[in-house]
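K.L.:
Kindly return the folded structure for what I paste below:
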Amino acid sequence: QSQLVESGGGLVQPGGSLRLSCAASGFTLQYYHVGWFRQAPGIEREAVSCISRDGIATNFADSVKGRFTISRDSAKNTVYLQMNSLKPEDTGIYYCYAGFKFCSNVVSEYNYWGQGTQVTVSS
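P.N.:
Alright, predicted model coming up:
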């Protein structure tokens, strides 16, 4: 079964760090652009970051620039989202997706997406 599985979420204090992983199974993630978006209760879904197939191009939401980085490891078939200097407003469920369009915000253009991992930033 082809799927994406996110992991690495949890509860962290403001100013802390987390690294989220987006692991693919059943298909080769290297052939796809990959991105992350987050969803918090009562807040519109927000695109957080994305990375191109070759790992050269990346993009970040203004709200996370300078704090988050994205990378990919083809050998592990995984994409990572390193989140530093976390703020309470970063709280939400983080989802990764894979598709053929770079940084797409259109869900119908995603070939795969995961079930999400909860990130809670609170003291």
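K.L.:
Pull out the buried positions in the helix or strand of the chain with the lowest mean pLDDT.
P.N.:
Ranked by mean pLDDT, DSSP states H and E, the weakest helix or strand in the chain is strand 110-113, scoring a mean of 93. Within strand 110-113, the residues scored as buried using 16 or more other C-beta atoms under 10 Å are 110, 112, 113. To be clear about C-beta, it is placed using only N, CA and C from the backbone, and glycine gets the same treatment.
K.L.:
Which residue is the nearest non-sequential neighbour of the last one?
P.N.:
With C-beta to C-beta, 6 or more residues apart in numbering as the criterion, residue 113 has its nearest non-adjacent residue at 4.0 Å, and that residue is residue 97.
K.L.:
Next one, pLDDT for that neighbour please.
P.N.:
We have a pLDDT of 96 for residue 97.
K.L.:
Quick check: beta-bridge partners of the spatially most central residue of the chain?
P.N.:
Geometric centre of the chain, nearest residue: residue 36, 2.9 Å, by C-alpha atoms, centre = their mean. On the basis of DSSP bridges, residue 36 takes part in beta bridges with residue 49, residue 96.
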